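# I need the structure of the sequence given here:
(chains A, B and C)
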Amino acid sequence: MSEASTVSRTAGTDTTVPAVSGARQFWRRLRTQRAALVAAVVVALLVLVALAAPLLTAVEGQDPTTYHPSLVDSARGGVPIGRFGGISGDHWLGVEPQTGRDLFARLVHGARVSLGVALTATLVQILIGVVVGVAAALGNRWVDQLLSRATDIIVAMPLMIMALALLAIVPSAFPRPVLVTLVIGLIAWGSIAKIVRAQTLTLKGLDHVAAARLSGWGPWHVARRELLPGLAAPVITYAALLVPMNISVEAALSFLGVGVKPPTPSWGQMLTSADVWYQAAPQYLLLPAGALFVTVLALTVLGDGVRTALDPRAASRLGVGTGRGRAGGPGRGTGRSNGARDSGGRGPAGGAAQKEDTA
Amino acid sequence: MSLVDVTDLTVEFGPLRAVAGLSFRLERGAALALVGESGSGKSTVANALLGLHRDTGARVGGSVQAAGTDVQRASDAELRRLRGGKAAMVFQDPLSSLDPYYAIGDQIAEVYRVHARVSRRAARARAVEVLDRVGIPDARRRARSRPHEFSGGMRQRALIAMALACAPDLLIADEPTTALDVTVQAQILDLLHTLRAETGMGLLLVTHDVGVAAESVDEVLVMRHGEAVEHGPVGTVLGTPAQEYTRELLAAVPRVDEERGDPARPDAALADVDVARVDVARAGAVRGEAADAEAPDGAAPGAVGSGAGVPGAVVPGGVSGPGTPGVGSSGLGPSGGGSGVAAEVVLEAAGLSRVFGRGKRALLAVDDVSLTVRRGETLGVVGESGSGKTTLGRMLVGLLPPTAGEIRYAGRPHTGVDPAVQMVFQDPVASLNPRRSVGESIADPLRARGRDEEHIRGRVRDLLERVGLEGAHYDRYPHEFSGGQRQRVGIARALAAEPRVIVCDEPVSALDVTTQAQVVALLGELQRELGLALVFVAHDLAVVRRVSDRVAVMRQGRVVESGPADEVYDSPQDPYTKQLLAAVPALDPETAARRRAARREPATA
Amino acid sequence: MSGFGGFVLRRAVGTVVTLLAISVIVYVVFYATPGNVAQITCGPRCSPEQVQQVAQQLRLDDPLYVRYGHFLQGLVAGQDYSTGTSVEHCPAPCLGLSYQTGQQVLDIILAKLPVSLSLVLGAMVMWLVLGVGTGVLSVWRRGRISERLLTAVTLAGTATPVFVIGLVLMIVVCGELQLLPFPQYVALTDDPEQWAWNLLLPWLSLALIEAAAFARLTRAAMLETLAEDHIRTFRAYGVGERSVVGRHALRGALAPVIALNANNVGSAVGGAVLTETLFGLPGIGEELVHAVNVVDLPVVVGMVLVIGFFVVIANAVADVLYAVADRRVVLA
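All right, here's what the predicted structure looks like:
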């Protein structure tokens, strides 16, 4: 038990800001987590595959959209001809039932759609969320009320349902992947806005922000220099959660037939009719399902790792990540909420000022 | 057999040796205080008595006997019987030490049922009984309240009630009053005293506050770096300390009955000046008395100024001589120089009020406060939590707009922040941006004025050196510094703006007492050199006395008493001020006993 | 207590406002899209006459706010629709008529509601029991191998999309092993036993991923509580580990679990759509996917509103429960 936490009537050694003093420290902490490292390698490979998809299919000598009617047995409803779903030197992973399109090509191009849509949608969500959250926290009471209400409403809208319905009414001429990206990005920014608002309010109340104001800088300069860097950690942490979520949503929408539509390949859409063919061509089910599983798992583990690296104290408390860095037992981490406790317990001004912020 | 017998105790957390070969005994019914600064290992010892280090990864060596249990060898079941049953612990922060989700009575009953085979109903009855015993009014009803519905003092009483539940032989109190206001602290210490007298239980008190120890125990053990420095009867150790460290520690403790002056000041030559100043200030105080009486509520700033002006008038004569030239005038613009009788007024507030929230929940944090601060003087603002002193400080520097009233800088009405009025903050961690080097933080005010890079670097180096750090520290980050050093950085940053006034909001309350003394001394030096006006906001009456020419005592948003520091402290007029001063722990055990008796009188009357 | 009553009242007003705002947004988004609304509404195979008729029915000549007013009026007071030959009365709350079948949208929804409620509520019980149970178990066994195993399983669970796990379960359990028949919805009122057996797989598919999230959250919240000062107090008073974990740490996790449950109602509804489609259960979700595919706009809008209604109400209830679980939020 640290003595530091016992003597202070005070402020303790702790604030709500994760003590990140540089990207170097972040990498060092990330490197110590084996699971996160493996996940990072997997994610890097996936990104590489997605980027190099045209190259890879060129090596195979196939493309994702060409029909090969000769490779499926139309008499048996379109089952791929040959053993193991038509695996051959030409078609490394076999062909799609009914159409005979090359599975390998569709899988690697599917990675493009999956990752592309998820990452871009995450960017849109973060952009809107940060702008709304910061504006709500720094604006006057009315701005805050308005934006917070709007955020509440957005949070209350079920993403899948709204996306499903919205995708139905947009003309099919609109490029589907872009549309799915926009729909996810424009509907699901509520949580990030809430997090950003809360964090900005916390940061705003910190003394170093007050000190910067006293230095004579204008409000914009103070916001940019003292506030925004403090948002990086929570935003990155949450973004790391959003990416796998968005991948699942895109896959689900495509699975339901309203997301990315053929001929553009997508993992979710490949699964739409996979249950019918699982006996004849098991890889038609297993490949996209496995790809989804591995991608979401790797991104989730990486997300946990990022969180641990950005806020080791909170992460060790929560025991996320590798499972190794648990709280050391009773007594450890007792100084944790000193900062918060202090502003609440000491002096009315701290508590009252917070009240004002949240009012 | 002794109640507690610790022999050659060592506790190591990995490479860190928190306790190194400590031995002491505590007889039945006796009281011992472990006194030390942060990092001395005193709380670690307290935890070792209950075997709380077991299974935490800490290595514990030596032998610990507590209330008849060999803590090192005891089985888990024996240890559980010891904990709470024979030896009970009271923790520092009563709010976080109770489960927020359960009623206080239920929590006490749960603990009681661990040690006594009784029905739920009987355990609840016992809980009400002990709550009543520690002076919680209407205990039967209050037992159903949850911790957040209690005040800080009430929560600490509830924790003590929990400790009493199983009638233990030994009470371990780990900083039991550190989170409390001084008047509440006095009540809790009195309660501990009474309970001990009635039940005959032994007390092991862990505290950083020598005064608290003097109030409560028979024996003192001074600790430093995990080792015992000095051990003996409280009167001997505090009255005639044998060890150098004990003497330093005692010298650093600010005393509420000691007139202004910094014992820790290194410069002997300055001491004379100060004595002179104090004397003159006293003389002036007498003259200013009549005018001062109406100062607190005086809406007319003129009246405040005349009352407050007397000690201020004296200061420049005594002070500006040694310090002002050079730095002072360069930093302070046209009006520098301390000539003339009454120093110019640099900061004024008239009728300041601040309301938080609206409607039914509105809270009047500051209520019609007027004050004047003159060049070169220090105004102390003292009050307990809830007094509005921090809100007042924030309004003075323009961080918080007042609901009503006016602030004038150098005679001109002003709203918003101004580099000429700076602040030193309470929390040396939160007040520095962890992502920027300390040099960059200090350079902020200079950059805001668009100074060129070379000038900035040079000036920041000068400032770092001026506050007792090194110029080479420019590129270091806040986490590389100790609390006291960070507070020095905060002071350097405030100075960089070349202010005329610095508002210090609890600048030393997060620091150990020896560091406190150093920072206070630094502020005093800077004030003399630069002719700064200081507003020193703090809860600690002794610290405020040490630094202030004049003081204002705040309660519930109002100034209840103000005037020259010595006058307010030596002959307080307002009953609240008297109560506050009576509650401050005395360093001398005999005085403490006398005060306790005095405190009890009005209570029983 | 008046503080708490006031809190509930404020929350209720907020809920009504949110519902209204959602209805405006949904209405505007769907009926003010660029392009020929009548053509979209009627579908791609409509003749020009049919499109004309639809345009008339939609009162496309009126400004948008007037149309929304009519829509609201229908919700509150009911509305009459002329279907060319006869006039059909649609009682309040009227969500309009389907363009495909001419049925009242509300009737369609009400007919499907029992299926969806059976699915979601059953799954919710399952994910709460499974998730919180797993979380508590992994905290209780912390530091042992079984904890690591549980952690790995829950991590894998969070990474498996509903339709993937549903597909695999259906193929393995119903197809290969033939342990269960392919699910067919049987009403609870007809045969409770068959109802449960048939819904078992859909419940599992929907609940597993949510259960994983709850296991992670419960574990995290309990570990966080275990690091707090008051736990130290109880340990220092000889209170046993069983009570420390089972009573104090679990109580600390209650409020976060309620909050997550509220948050996840939305995503669970999305999962229900997938589950219904996958297993061919005739619920709202399946009907919605159908309506989307044939672009039956009144049905789509009605369903989005009804689902939004349920989600918002669930959120409001969760907020109040949260406040009950953690009274301090009322004061904040």
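# for residue C:135, report the pLDDT, please.
pLDDT for residue C:135: 92.
# which stretches of the stretch 201-332 of chain C form helices?
Assigned by DSSP state H, counting those that start in this stretch, the stretch 201-332 of chain C shows helices spanning C:229-236, C:241-243, C:250-279, C:284-293, C:297-325, C:328-331.
# as CSV, those helices with distance to residue B:417, mean pLDDT and mean neighbour count would be great.
Glycine gets a C-beta too; all of them are placed from N, C-alpha and C. Converted to CSV, those look like this (distance: least, C-beta to C-beta, whole Å; pLDDT from 0 to 100; neighbours: other C-beta atoms under 10 Å in any protein chain shown):
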stretch, distance to residue B:417, mean pLDDT, mean neighbour count
helix C:229-236, 37, 90, 24
helix C:241-243, 52, 88, 12
helix C:250-279, 38, 85, 23
helix C:284-293, 56, 87, 23
helix C:297-325, 38, 84, 21
helix C:328-331, 32, 53, 14
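# switch these over to JSON lines; also include distance to chain A.
Below are the helices of the stretch 201-332 of chain C laid out as JSON lines (distance: least, C-beta to the nearest C-beta, whole Å):
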{"stretch": "helix C:229-236", "distance to chain A": "5"}
{"stretch": "helix C:241-243", "distance to chain A": "10"}
{"stretch": "helix C:250-279", "distance to chain A": "3"}
{"stretch": "helix C:284-293", "distance to chain A": "4"}
{"stretch": "helix C:297-325", "distance to chain A": "5"}
{"stretch": "helix C:328-331", "distance to chain A": "10"}
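# compile those helices into CSV and extend it with columns for distance to residue A:250.
Output for these, formatted as CSV (distance: least, C-beta to C-beta, whole Å):
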stretch, distance to residue A:250
helix C:229-236, 42
helix C:241-243, 45
helix C:250-279, 12
helix C:284-293, 16
helix C:297-325, 20
helix C:328-331, 35
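# now chain B against chain C: closest residue?
residue B:84 (3.4 Å; C-beta to the nearest C-beta).
# enumerate every residue touching that residue.
Taking C-beta atoms under 8 Å, 6 or more residues apart in numbering or on different chains, we find residue B:84 in contact with B:111, B:114-115, B:163, B:165-166, B:168, C:236-239.
# nearest to chain A among these?
Closest to chain A, out of all of those and judged by C-beta to the nearest C-beta, is residue C:236, at 8.5 Å.
# count of neighbours near residue B:137?
As a burial measure, residue B:137 scores 9 neighbours (other C-beta atoms under 10 Å in any protein chain shown).
# pretty sure it sits in a helix.
No - counting by DSSP: H, G, I helix; E, B strand; the rest coil, residue B:137 falls outside a helix, being coil.
# so is whichever residue of the stretch 501-605 of chain B sits closest to chain A in a helix, a strand, or just coil?
Closest residue of the stretch 501-605 of chain B to chain A, C-beta to the nearest C-beta: residue B:510 (3.9 Å). The local conformation at residue B:510, judged by three-state DSSP, is coil.
# and it, how close does it get to residue B:539?
Relative to residue B:539, residue B:510 is positioned 12 Å away (C-beta to C-beta, to the nearest Å).
# so these two - more neighbours on which side?
residue B:510 (26 against 21).
# didn't the more buried one look like it was pressed against residue B:486?
No - using C-beta atoms under 8 Å, residue B:510 makes no contact with residue B:486, being 9.3 Å away.
# find the residues that touch each one of these two.
With C-beta under 8 Å, 6+ apart, residue B:510 and residue B:486 have common neighbours residue B:428.
# contact residues of the stretch 451-600 of chain B facing chain A?
The interface of the stretch 451-600 of chain B toward chain A, taken as C-beta under 8 Å from any C-beta of the partner chain, is made up of B:477, B:479, B:483, B:490, B:493-494, B:496-497, B:509-510, B:512, B:539.
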